[in-house]
Every structure is written in C-alpha cells, then in structure tokens.
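[1] need a 3D model of the following:
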Amino acid sequence: MRKQILLIGLLGLLPLLVYSNPAPNIGENSILPDGAGGIPLQPWSPTDDYVGTVYQAGTTWYDYQHNGSTSRQIGLDGLGNVHIVWMNGLNSGASNRHIFYNFFQAGSFVSTTGYQVSTYRSGYCMMDLTASNIPGIFYHATVDSSRGVYGWTNTYGGSTFTNTVLSQPPDFRGTTWPHGVIDHQGKVHMAMQTNPNTMMYYAVSANGGVSFTTPATIASTTGMAAISQTMAASPVDNKLALVYTHPLTTGWQDEDVFYFESDANGVFNFANPAVNITNYAAGGTVRAWASCNAIYDEFGELHIAWSTLPYPATTPIGASVIWHWSEASGITKIVGELAFDNVLAYNDPGAWHLSWDLPTLGYDADGVLYCTWEQCTAPGDSSAAGFGNFDVYVTYSEDNGATWMAPVNVTDTHTPLAPAGQCMSEGWPTMAKSVDDYLHIFYIQDKDAGGIVQSEGSWTLNPVIYQKVPVADIQTEMAVTAVPVGGPIIIPPGGGTFSYTLTIANNSGNAVVFDGYVETILPTGTTYPILQRNHLTLPGGGSIPRTMNQTIPAGAPAGTYTYRVAVGDWGWNEWAFAEFTFIKEAVDGGNASGGSWNLSGWDSEDITANSAMPTEHALVKASPNPFNPVTEISYTIPQTGDIKLSVYDISGREAATLYSGYQLAGSYSVKFEAGNLASGVYFVTLNTGKEMVTVKTLLLK
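    As a prediction, the model looks like this:
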C-alpha cells in the first residue's frame, strides 16, 4: 500500500527539557542526563481489564510527550484507518530523538516499530488529517545554529520518506512547539511560540505546507507555565478556533482560558481581543491549568475542555477538575474533585500533571460528545518512587455537553509500588476527533511513573499504545427506584415519618464512582437538601438496597412535596433519579420554627443530613465572582420564614428577584443568569425580615 503524508514542522535549536514544577521552560543549552543504565522493555501483554483491544504501535524511551496541551497524536481517516504519531526517544537518555509514525489498517499496524519521519533531532508532535485522508504532522526540530519553520511533502511507501526542506522565513526563527489543523480547503493553520515564552504566532499555508504567510502576532505569552495553545477546524464550514490559557497576573498558576475564532472563510482578526470564557483571574477558588482541547461538532459549534487546579495553589499540586464549555451549555463540569478521601486518593501525579488532566474531545455522527483524560486517584497505586500510576478514563454527553455521564476506566491497570520497568501507567492520552463505533485512543504506557523523564523515575523503554474502545462498552446505566411503604403519604400538622424502599443499581459492566443524594422540592418550588453521600463505588452489575425512614417536622409548610433520590456528580451531572410525592396538611402553629428532617436507614446509625435549623447569622455568597454570565448564589438562613433574595445594580435599582416567599431554615443555592444585563457591579441582597446581608458581584462580558 502507498500512503501520502504531509508534515509541517518547526525546526529550531531545540530546548532540552529538564525542569520541575513550577519552573518555566528551560534554556536551549540545558543538557539531558546520559540515561546510562536505562531499563529495556520488559515482557508485556495487556491485562484482562482493558476495555476494547490494545495494539502496540512502537516504543519510546521518552515517555514525556508534551509541555501542556497535547492536541491530537491519533486520527481516524475516512476509510476507517488509524494514523499515529509520537516523539520517539531511540536510546536511554533520548539524545537520539525523532518523530515516528505508524499506520493501522485491516486489524494491525503496517510496521512493528513505526517509521522515522524527521531528519533532524525532533520532538513535541501532533497531527491532523486532510479531507483526502493524508495526515499532516506538526513538530519542531534542531537543524543547526539557526532556527525556523520547515515543512515537508512526504511519500510513505514501506519505510521510505522523501523530505523536501522548505525555505526558512526569518520571522519564524526562534519559534517552537507548533500546534495546528488542516481545514476543508486543505489550508494548513499553525500556532507556535517563542522559547522562552514571550510571544505566540500564527501562520497559514494555502499550498499544503509549501510556503506559509508571514507569522502574525497573536498574544504575549510572558508568564505562561507551559505550551497550551491548540486549534480546531469546523467540519461544516471553514471556521477555525485557536484556544489557549494565559495568566492575567504574574502568577503562572493564575490562568484563564481564551479563544480566537475566525470568520466562516477561515480568516482570523487578531486585532480583536480574545474571548475569555472563564474570567477566573479576578476571583474564585480555581484557576485554569495549561492543558486544553477544542473541537467543533457536526453543527459547527465550538466545544472547549480544560483542567483547573485549586486557587491559591496548594502543595503538593494534584487535585483538579476538568471542565467543558460551549456557547449553548456555558461551563459544565466533566469530572474531577478539589479534595481527596478514602475512595479518591492523592497520588503524586508528577511535574506538569494533575490527578485529572489532559482532556481530549471527540464526537460521533449522532452528535454524542466524548472526552478522554488521564487520572491517578486509585488509593496506593503509585510507583516505588512515589509517583501515581495513571489510567485513561472516558465519559460522554448526549445533550451536547450540558451533562456528562459516569466516567469509565478503560485501562484499569494497577501496579502499586511497582519498581522501575514494571509500572503500568498510561499517560499523555489523546483521542481521534472522529468517533465511529469505537473510540480511538493513543497513549504512552510509562513503565516508571512520573511527569519529567529526566528527574522523576528511571529511563525505561515504554510501549506506544493504540486502544480501540467500543462505544457500547463505555456506556453507563445507573438506575434508582424509591417506593413508599404503604399508601399515599399524608403528614399531619404535627409532623410525622414515612418509609420507602430504595435501590441504586449499576446496570453496566463498569464500576462507577458516584454521589448519592436525597432532596425534596418544597411547595414553594425550592429544592431542600436532606442527605448527601460522596464518592460511593458500585461495581458493574452491583446494587445498593436500603429501607429509609424520613422524618417531616411540624414546622414544614403545608402543601405537596416532591421527594427525590438521585445519583451522579452532585451539583453538576445527574445520571439517574426516582421521585414520589407526599402531602403536609398544615403547619403546627406551636412548632412553626422548623424542626428536624432526620433520615435513617442508609448507614448503621441514624444520620442527620444538612441541618434544617442553622443557628448562625444569614449568609450569602456568589461563585464564580467575577462571572459571565451565570453565577451560583449560595445562601443560608437561620430561621424558617419569609425571605427575599434580590439583585440590585450600582444605582440601587432592582435588577432581578431570585427568590421571594416562605422558606425553611437551611442552606440553598440558586443560579443568577445575567445574560440580559450590562457589565458592571451588582449587589445580591438577602433579606430575612430580621437582618439583611449583601455580597458584591462583578459581571464581565
């Protein structure tokens, strides 16, 4: 078989990375250790826990693949073939390092080792495919004392690559770390940075990489922690997006997520400011991490995924959340936590990694979005040197990113305290943007876990993996049933109790970690939380049966209630629920101050969930703050009664009423959507009749 390949590269005096979190990218004269005594590839075969089928595309001594965003190192073409590209350290210490390519067709790779693409010492690659199924490969390399961008038009036939080195535009000198896309017209678009990080540039080739436009300045990158830029091209027109993270202060961990979008003809106007989709830097408790990914769906809508870490950053760094954004859905949570417990453990992810990190988005013809990432939260699953062993996880969204289903561990390899050479740590995953009946996933199986190969763990020869995951095998089906014991539930004015049988079932074949919660919708329409249990684990096919006993206090208002039991990622993604109604006849006038909503039956002892009778003063807060255009208003009221939660502009005019009416003592939250309001300062005021508390918010558009 004969296959054409287009390669687009950045060739420069390559910076050899020897740095540790949070140092910036190091200088060009840094020297790698010689790697003497590296550990060769140990006898290896996939475990029975993999979802789908695992194929080895080659090996590398250089497990580290990217400084920040990974973009994509795998692609599915229109003929059903899979293309893979990786940074291959050919010796321990990786003094001999090149870009390698392999091609998967008819159930196997055409080579057992892959083919060397680059002529000069090269690294940090990604790829995209043309409409005619030709892969374009982006990377940078060392040529001589001069720097610049080079490109090749290659012909792949067996192991032979024909390279044509292009001229070196002066404006490209000093640029490195290219990420790019190929649009419908076959134009090649590339974003790159200088080293050290000071400026980001963009260039486009209208002739398949033979020549490029003069690089246009995109934005200053001073203070950036890593190389975060990534690009996406729309499948329905020629619209493009360039996405990146950048700090708004001098702190490298104080980053927001930005994007530029071209017009429908693929032309950027960098004179206009980039769109900031997070506005973290002015407030809040999280900040963007330097890894993001972007994709356009089949309707031409842009989707962005990125990682965040707590702010201010804690030591060690690790806890994190992966988010999704589109114009339709706003910001939604995909996965992650900002704290650990006995189910989700802190395992040191190593430099330039978080415990949930490196998201990649994909979509299928039915409009389902998918996301893959690396995760190292299994308790005790660390290397002998103390670095967490990563697994690759997958989730999906059937409503265009508004909610995300239960994550599935598709590698599920665990080698606690394994010595160098015996770890099974799947890192630097990327996924083909097109999903058919399978997810097509690339990663390096690091045989000695750690983020920086030069200083975290030993030099090991590591498998380069393509995993073909059936979509049907990563679907999760949680089910909840809640059936009252006896007939219709009617609670008298003085209060009472009712019982119900509860079953939570995992009807898929994959283990699920989930939050379980009980809540009731009051006659006023307000949702009142009763019980929350976080990070429960249920194996595939497993179930949790319970008989629950609920107390309804005398002070509960009269009317019809909806009682709900649900599972999911509490506050963000609900996967299944059951509900029924009950009636409270009236309020006992002698006990109208509230009462206890005790719930028993879940644990061996009784539990009192969120207190219905806080004794503190009223509280109100907004998160995120500043925001655009939605923020969550959380408030606590110490006594049952009439309250009003209002929003006022800076001149004192009421801009919105978020809640007004009778409410039980307790803690609540409500969304403040300000899409129709102008940017500026707004005051959220909680009036309980006995006291008034106010929080200032800032709407930034």
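[2] any idea how far the residue nearest the centre of the chain is from residue 371?
    For the chain, the residue nearest the mean C-alpha position is residue 322 (2.8 Å; CA atoms, centre = their mean). From residue 322 across to residue 371, the span is 7 Å (CB to CB, to the nearest Å). All C-beta atoms are positioned from the backbone trio N, CA, C, and that covers glycine.
[3] need the residues touching each of those two.
    305, 334-335, 359 (CB atoms under 8 Å, 6 or more residues apart in numbering).
[4] farthest pair within those?
    Spatially, the most separated pair among those is 305 and 335, at 10.1 Å (CB to CB).
[5] and for those two, which residues touch both?
    In contact with both residue 305 and residue 335: 322, 371, using CB under 8 Å, 6+ apart.
[6] residue 644 belongs to a helix?
    No. Counting by DSSP: H, G, I helix; E, B strand; the rest coil, residue 644 is located in no helix; its state is strand.
[7] before we move on, could you check phi and psi at residue 555?
    phi -80, psi 0 (degrees, to the nearest 10).
[8] then residue 473?
    Torsion angles, degrees, to the nearest 10, at residue 473: phi -90, psi -10.
[9] how close does the closest residue to it other than its chain neighbours get to residue 550?
    Spatial nearest neighbour of residue 473, excluding adjacent residues (CB to CB, 6 or more residues apart in numbering): residue 51 at 5.1 Å. According to CB to CB, residue 51 and residue 550 sit 39 Å apart.
[10] contacts for stretch 686-694?
    Residues contacting stretch 686-694 (CB under 8 Å, 6+ apart): 617-620, 635, 637-639, 641-646, 683-685.
[11] what's the end-to-end length of that stretch?
    6 Å (CA to CA, to the nearest Å).
[12] gap between that stretch and the chain center?
    Put simply, stretch 686-694 sits 38 Å off its chain's centre (CA atoms, centre = their mean, to the nearest Å).
[13] repeat that for stretch 62-78.
    For stretch 62-78, the distance to the chain centre is 16 Å (CA atoms, centre = their mean).
[14] same check on stretch 218-237?
    For stretch 218-237 - counting by CA atoms, centre = their mean - the centre lies 16 Å from the chain centre.
[15] and the next helix or strand past the helix or strand residue 682 falls within?
    Residue 682 is part of strand 680-687 when elements are defined by DSSP states H and E. Per DSSP H and E, strand 680-687 leads on to strand 692-699 as the next helix or strand towards the C-terminus.
[16] now do the buried residues in that next one.
    Across strand 692-699, burial judged by 16 or more other CB atoms under 10 Å covers 693, 695, 697-699.
[17] could you look up the SS state of residue 516?
    strand.
[18] now it. Nearest residue, chain neighbours left out?
    Per CB to CB, 6+ apart, closest to residue 516 is residue 533, 4.7 Å.
[19] how about that neighbour, what does it touch?
    515-517, 602.
[20] could you say which helix or strand holds it?
    Applying DSSP H and E, one finds residue 533 within strand 527-538.
[21] before we move on, what about residue 303?
    strand 302-310.
[22] could you do residue 583 as well?
    strand 573-584.
[23] which positions within that strand qualify as buried?
    For strand 573-584, using 16+ other CB under 10 Å, the buried residues are 573-578, 580, 582, 584.
[24] ditto for stretch 346-365
    346-364.
[25] can I see the domain layout of this protein?
    Listed by automatic domain parsing, the domain ranges of the chain are 3-22+29-473, 478-600, 619-699.
[26] out of those domains, which one sits most buried?
    domain 3-22+29-473 (a mean of 21; mean count of other CB atoms under 10 Å).
[27] can you give me the mean pLDDT across that one?
    For domain 3-22+29-473, mean pLDDT rounds to 83.
[28] roughly how far does the residue nearest to residue 516 sit from residue 668?
    Applying CB to CB to residue 533 and residue 668 gives a distance of 20 Å.
[29] now swap in residue 347 and tell me
    On the measure of CB to CB, residue 347 and residue 668 end up 36 Å apart.
[30] likewise for residue 682?
    19 Å.
[31] what do you get for residue 285?
    20 Å.
[32] now stretch 562-573, how far from the chain's geometric center?
    21 Å.
[33] could you give the average pLDDT over it?
    On average, stretch 562-573 scores 93.
[34] for residue 536, which residues are in contact?
    So residue 536 contacts 343, 513-516, 544 (CB under 8 Å, 6+ apart).
[35] format the residues you listed as JSON lines; extra columns: distance to residue 107.
    Putting the contacts of residue 536 into JSON lines (distance: CB to CB, whole Å) gives the following:
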{"residue": "343", "distance to residue 107": "38"}
{"residue": "513", "distance to residue 107": "34"}
{"residue": "514", "distance to residue 107": "36"}
{"residue": "515", "distance to residue 107": "41"}
{"residue": "516", "distance to residue 107": "42"}
{"residue": "544", "distance to residue 107": "41"}
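[36] and which of those is nearest to residue 124?
    Out of those, the member with the shortest distance to residue 124 (by CB to CB) is residue 513, at 33.4 Å.
[37] quick one, what contacts the closest one?
    Contacts of residue 513 (CB under 8 Å, 6+ apart): 343-344, 406-407, 535-537.
[38] any chance of TSV for the residues you listed, columns distance to residue 118?
    Converted to TSV, these look like this (distance: CB to CB, whole Å):
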residue	distance to residue 118
343	44
344	40
406	41
407	36
535	45
536	49
537	45
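[39] from those, which is closest to residue 121?
    Nearest to residue 121 among the contacts of residue 513, with distances taken as CB to CB, is residue 407, at 38.0 Å.
[40] would you agree that closest one is in contact with residue 397?
    No. When contacts are counted by CB atoms under 8 Å, residue 407 is not listed as touching residue 397 (11.8 Å).
[41] quick check: closest non-adjacent residue to residue 372.
    residue 431 (4.5 Å).
[42] just the closest of the contacts of residue 536 to residue 199, please.
    The closest of these, once distances to residue 199 are taken by CB to CB, is residue 513, at 42.5 Å.
[43] hmm, back to that, hmm, the residue nearest to residue 372 is touching residue 358, no?
    No. Counting by CB under 8 Å, residue 431 does not reach residue 358; the two are 10.4 Å apart.
[44] other SSEs contacting the strand or helix carrying residue 75?
    Using DSSP H and E, residue 75 falls within strand 74-76. If you count contacts as 3 or more CB pairs under 8 Å, 6 or more residues apart in numbering; DSSP states H and E, strand 74-76 packs onto strand 82-89, strand 122-129, strand 434-435, strand 438-446.
[45] what does it contact?
    Contacts of strand 74-76 (CB under 8 Å, 6+ apart): 82-85, 127-129, 135, 430-436, 440-442, 466.
[46] what do you get if the cut-off is 6 Å, keeping everything else the same?
    82-84, 127, 129, 430, 432, 434, 440, 442 (CB atoms under 6 Å, 6 or more residues apart in numbering).
[47] which of those residues lies closest to residue 258?
    Using CB to CB, the contacts of strand 74-76 come closest to residue 258 at residue 430, 21.5 Å.
[48] pretty sure that closest one contacts residue 69?
    No. The pair residue 430 / residue 69 is not scored as a contact, 9.8 Å apart, by CB atoms under 6 Å.
[49] where does pLDDT dip in the stretch 451-600 of the chain?
    The model of the stretch 451-600 of the chain has pLDDT under 70 over residues 589-595.
[50] change it to 50
    The stretch 451-600 of the chain contains residues with pLDDT under 50 at 592-593.
[51] doesn't residue 180 make contact with residue 190?
    Yes. Using CB under 6 Å, residue 190 is in contact with residue 180, at 3.8 Å.
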